[in-house]
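build me a model:
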Amino acid sequence: MGNGDTRVRGIAARAGGWSARHRWAAVGIWVLFVVLAMAVGSAAGRVDIKDSDELKGETHTAAKIIEDAGIKQPAGESVLIQAKDGATTATDPRFRAAVTAVVRAVDGTGRVTDVTSPYDTKTISKDGRSALVQFDMRGEADTAGDRVEPVLEAVAGVQKDHPQLRIEEIGAASMRKTFSDAFGNDFKQAEYSAVPVALGILLIAFGALVAALLPVALAITAIMATMGLMGIVSHLQAMNDTANSVMLLVGMAVGVDYCLFYVRREREERAAGRDAGTALRIAAATSGRAVIVSGVTVCVAMAGMLFTGLATFEAMGLASLMVVAVAMVGSVTVLPALLSLLGKRVEKGRIPFLHPDKRRARAGRGADEGSRLWSAVLKVVLARPAVSLVVAAGALLAIAAPALGMKTQNLTLDQEFGDKLPIVATYNRVNEAFPGGSEPAQVVVKAKDINAPGVKAAIASFRTEAIASGASRGPVDVKLHDAQNVAVISVPLVGGSDLDKAGESLELLRDRVRPDTLGKVEGVQAPITGQVAGSHDFNDQLVGSVVPVFAFVVVFAFLLMLLSFRSLTIAITSIVLNLLSVGAAYGILVAVFQHGWGASLVGAHGVGAIITWLPLFLFVILFGLSMDYHVFVVSRIREARLRGRTTKDAITHGVVTTAGVVTSAAVIMVAVFAIFGTLSMQSMKQMGVGLAAAVLIDATLIRGVLLPAVMALLGERNWYLPKWLHRLPDLTHDEAPQEMAPAVRDESEPLGV
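Purely as a prediction, here's the structure:
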């Protein structure tokens, strides 16, 4: 176990060795790469996902017709005028005066167009107590929220003059502004707080400022480079803000993790008495290899999102894949160079009372003794592995059980935000008075001649049948675009904000009303889109992609584990343990957000469902991230076994010596993810809680109890590889450059095959 210069093989070892020898070149190349990626990406600009590319099916067809026709759909707004008592109706003079005042006020701002009175458009509720003044915002719909403030102020002024009535504005622009004001800073604070939270935990883990700054610096530079790459790649695969946020989240998690694994191993070897060069070579060959195996596995998992066919998922998958790849490359190249440059200065900025390595040295304990807590846990687990397995697996299955009744749907406005925003109450009042009026279905009719008698008759018939069929209570509005031969029919759906009932109304329109009217005119296209239709199409496409995505991720992760560890047993147990972790995360989500168990503890309310995109997203992210810990722990166990330790001793050594770094990495991930769990939006809260819970379970119950229990029961069968698989490529070359101790076999262990 001296400081001899033993040769090692493998990409990670060679990359680390080259970087340590050419440290200034390695650092310079990395800095140049980051700067060039940002510069080129900024110059290229980011291409964002178009509405027409967001989904497939009818929603895509409708958006494509509108886009190809060059029709600019403005942001529509409505002002609800409603009697507060049961006596006042729309025929009352005071009510009429309020309507007139609203029309004049909003028109007088100069920010709107096509202002219509409810007396002309018949947008008066059945009970006569509510009416809608409707208009469009001038300019681009995407930026209408920035220009709606004067209109909101004008409406508020009319409300002051008519206190006996309820006068409230709602629409695309006002909702966008409300959400931006309420939650824009919320998101920024979450993103900005991730860095100081990670740095604080690293300071505790390392006890030195310089060592703590290294992982954060690597993660930040990897994120910066990826932002530039996203701009370049967006010309092939469009991106969006969601992909950017997910990339930041994943980049911070894996960037810090990979660097943490590497730095802790290098410090551990130096604490064991090895010189700086040998310690760095050992870290490169061991932790460096674990980083590459883990990084490739995470990249494969993220690539699973490309099979969904959903533009946002594809963008998230590609962005996450890139940031993981960049962080992985940085960890095995520039990090060894920086550690070589810094030498003992990596311990600069020591924090008092946080000197674990020095305390161990004074106490005469080895640097690899590891955590006392996990040593005690492992002693119990390895003494009774079968009992530990049954108890831990039973607990995880019990936690996962609620997932069997999982209900997914796109959350409505009141589900997403509860009663935190006044506009949610307005949304509910509009839907009560005009079911579906706040989110109508839109039928985009395309014909050779939109004014042809047959087409006009079919549109008129559709309007009549939409109400007669019970799909809508009206009013059904038709907007003609003569020059483009396109008509847009707005149909308020019965069911309103109840997506299940509104979905039934949508199916009635698509399956019965449309075929009997517009479908009988040759050459007419009439796809139906809108909020409810988009949710319906999204769900259908997402459900259809679940099997191929799950199969791709599981199969490729299995193959990577098989090639990396050359063990069929390790590959199978890796998949099973990861699936248990994901299942437990699903169970917690359903228990908290669907059934409301302990919902108040995380600031949730009675949502009653899991947002549609989250289960698949969580599966891909968690399956990838959980491999970080698994690969790191199993690599250490395998390394110890190859040095001649018995399997049980190797398990104890591997788990205990990695406990500190795995715990630190898990705490950072949980803290970063938990930040998103504090946001007010229920979808973001679900994502944050799901990720944080899964990582916590994975780093404790899975890696600390289940993994050692399973491996202890299997003994030498852990390393089983059938003879017919011996021809597989050997990716296990990176081993610790240390003298191998004579093999010692526990007599109770069966011989390996």
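
what ranges do the strands span in the stretch 101-250 of the chain?
In the stretch 101-250 of the chain, strands defined by DSSP state E, counting those that start in this stretch lie at 112-116, 130-137, 165-171, listed in chain order.

now Gln525. Nearest residue, chain neighbours left out?
Of all residues not flanking Gln525 in the chain, Lys446 sits nearest, at 4.2 Å (C-beta to C-beta, 6 or more residues apart in numbering). To be clear about C-beta, it is placed using only N, CA and C from the backbone, and glycine gets the same treatment.

can you map out the helices along the stretch 601-750 of the chain?
614-642, 647-677, 682-697, 707-714 (DSSP state H, counting those that start in this stretch).

from the contact counts, what lies against the last one?
Using 3 or more C-beta pairs under 8 Å, 6 or more residues apart in numbering; DSSP states H and E as the contact definition, the elements that helix 707-714 packs against are helix 372-383, helix 385-400, helix 568-589, helix 614-642, helix 647-677.

which one in the chain is furthest away from the centre?
Relative to the centre of the chain, the most outlying C-alpha is that of Pro93, 53.0 Å out, by C-alpha atoms, centre = their mean.

which of the helices and strands packed on helix 707-714 sits most buried?
Each of the helices and strands packed on helix 707-714 was scored by mean neighbour count; the highest is helix 614-642, a mean of 25, by mean count of other C-beta atoms under 10 Å.

who are the packing partners of it?
Judged by 3+ C-beta pairs under 8 Å, 6+ apart, helix 614-642 is in contact with helix 241-271, helix 287-303, helix 311-332, helix 531-565, helix 568-589, helix 647-677, helix 682-697, helix 707-714.

cutoff 7 Å now
helix 241-271, helix 287-303, helix 531-565, helix 568-589, helix 647-677, helix 682-697 (3 or more C-beta pairs under 7 Å, 6 or more residues apart in numbering; DSSP states H and E).

separation between the residue farthest from the centre of the chain and Arg350?
80 Å (C-beta to C-beta, to the nearest Å).

quick one: pLDDT of Arg360?
On the pLDDT scale, Arg360 is placed at 46.

one more: Glu191?
65.

one more: Pro737?
42.

hmm, which helix or strand of the protein has the shakiest average pLDDT?
helix 356-363 (a mean of 44; mean pLDDT, DSSP states H and E).

need the strands of the stretch 101-250 of the chain in JSON lines (columns: mean pLDDT and distance to Trp724).
Output for the strands of the stretch 101-250 of the chain, formatted as JSON lines (pLDDT from 0 to 100; distance: least, C-beta to C-beta, whole Å):
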{"stretch": "strand 112-116", "mean pLDDT": "92", "distance to Trp724": "73"}
{"stretch": "strand 130-137", "mean pLDDT": "93", "distance to Trp724": "68"}
{"stretch": "strand 165-171", "mean pLDDT": "93", "distance to Trp724": "66"}
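
any stretches of the stretch 651-753 of the chain with poor pLDDT?
730-753 (pLDDT under 70).

hmm, 50 instead?
Scanning the stretch 651-753 of the chain for pLDDT under 50 picks out 734-753.

swap in the chain?
In the chain, residues with pLDDT under 50: 1-8, 356-369, 734-753.

would you agree Gly17 is in contact with Ile282?
No: in this structure, Gly17 is not within contact of Ile282 by C-beta atoms under 7 Å, at 11.4 Å.

the two: who's more crowded?
When Gly17 and Ile282 are compared for neighbours, Ile282 comes out ahead with 27 against 19, by other C-beta atoms under 10 Å.

by contact count, what packs against the strand or helix carrying the more buried one?
Per DSSP states H and E: Ile282 is located in helix 276-285. Counting contacts by 3+ C-beta pairs under 7 Å, 6+ apart, helix 276-285 packs against helix 11-21, helix 241-271, helix 334-342.

buried sites along it?
Within helix 276-285, the residues scored as buried using 16 or more other C-beta atoms under 10 Å are Ala276, Thr278, Ala279, Leu280, Arg281, Ile282, Ala283, Ala284, Ala285.

that helix to helix 241-271, inter-axis angle?
Interaxial angle, helix 276-285 versus helix 241-271 (axes from the mean of the first three to the mean of the last three C-alpha atoms, to 10 degrees): 140 degrees.

pull the number of nearby residues for Leu318.
24.

my guess is Ala400 meets Ile588, correct?
No: look at Ala400 against Ile588 with C-beta under 7 Å: they stay out of range, at 8.6 Å.

distance of the closest residue in space to Gly304 that isn't next to it in sequence from Phe623?
With C-beta to C-beta, 6+ apart as the criterion, Gly304 has its nearest non-adjacent residue at 4.2 Å, and that residue is Val553. Val553 sits 6 Å away from Phe623, going by C-beta to C-beta.

same question, Ala671
The gap separating Ala671 from Phe623 is 21 Å, by C-beta to C-beta.

do the same with Val233
23 Å.

over to His235?
29 Å.

likewise Asn410?
Distance of Asn410 to Phe623, given as C-beta to C-beta: 24 Å.

now do Val576
12 Å.

over to Thr333?
Distance from Thr333 to Phe623, by C-beta to C-beta: 26 Å.

and what of Asp181?
37 Å.

circling back to that earlier point, and the helix holding Ile282, how far out from the chain middle?
Relative to the chain's own centre, helix 276-285 is displaced by 35 Å; criterion: C-alpha atoms, centre = their mean, to the nearest Å.

for stretch 199-213, same thing?
How far stretch 199-213 lies from its chain's middle: 27 Å, per C-alpha atoms, centre = their mean.

tell me the buried residues in it?
So, applying 16+ other C-beta under 10 Å, buried residues of stretch 199-213: Leu199, Ile201, Leu202, Leu203, Ala205, Phe206, Gly207, Ala208, Ala211, Ala212, Leu213.

out of those, which are inside helices?
Among the buried residues of stretch 199-213, the members falling in helices (DSSP state H) are Leu199, Ile201, Leu202, Leu203, Ala205, Phe206, Ala211, Ala212, Leu213.

tell me which stretches of the stretch 351-500 of the chain form helices.
So, for the stretch 351-500 of the chain - with DSSP H, counting those that start in this stretch - the helices run 356-363, 372-383, 385-400, 413-417, 422-433, 453-468, 499-508.

reformat the ones you listed as JSON lines; add distance to Leu306.
Shown next, in JSON lines, are the helices of the stretch 351-500 of the chain (distance: least, C-beta to C-beta, whole Å):
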{"stretch": "helix 356-363", "distance to Leu306": "43"}
{"stretch": "helix 372-383", "distance to Leu306": "38"}
{"stretch": "helix 385-400", "distance to Leu306": "27"}
{"stretch": "helix 413-417", "distance to Leu306": "28"}
{"stretch": "helix 422-433", "distance to Leu306": "35"}
{"stretch": "helix 453-468", "distance to Leu306": "38"}
{"stretch": "helix 499-508", "distance to Leu306": "28"}
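
if we can go back for a sec, out of the helices and strands packed on helix 707-714, which comes closest to Gly251?
helix 647-677 (10.6 Å; C-beta to C-beta).

what's that closest one packed up against?
Packing contacts for helix 647-677, counted by 3+ C-beta pairs under 7 Å, 6+ apart, involve helix 172-206, helix 241-271, helix 372-383, helix 614-642, helix 682-697, helix 707-714.

now render the ones you listed as TSV, adding distance to Ala659.
Shown next, in TSV, are the helices and strands packed on helix 647-677 (distance: least, C-beta to C-beta, whole Å):
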stretch	distance to Ala659
helix 172-206	12
helix 241-271	11
helix 372-383	4
helix 614-642	9
helix 682-697	14
helix 707-714	11
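
to Ala425, which of the ones you listed lies closest?
Of the helices and strands packed on helix 647-677, nearest to Ala425 by C-beta to C-beta is helix 172-206, at 11.9 Å.

helices and strands around the closest one, which ones?
strand 76-83, helix 209-233, helix 241-271, helix 422-433, helix 647-677.

and it, how far out from the chain middle?
The answer for helix 172-206 is 15 Å, by C-alpha atoms, centre = their mean.

one more: stretch 139-148?
Taking the mean of its C-alpha atoms, stretch 139-148 sits 27 Å from the chain's own mean (C-alpha atoms, centre = their mean).
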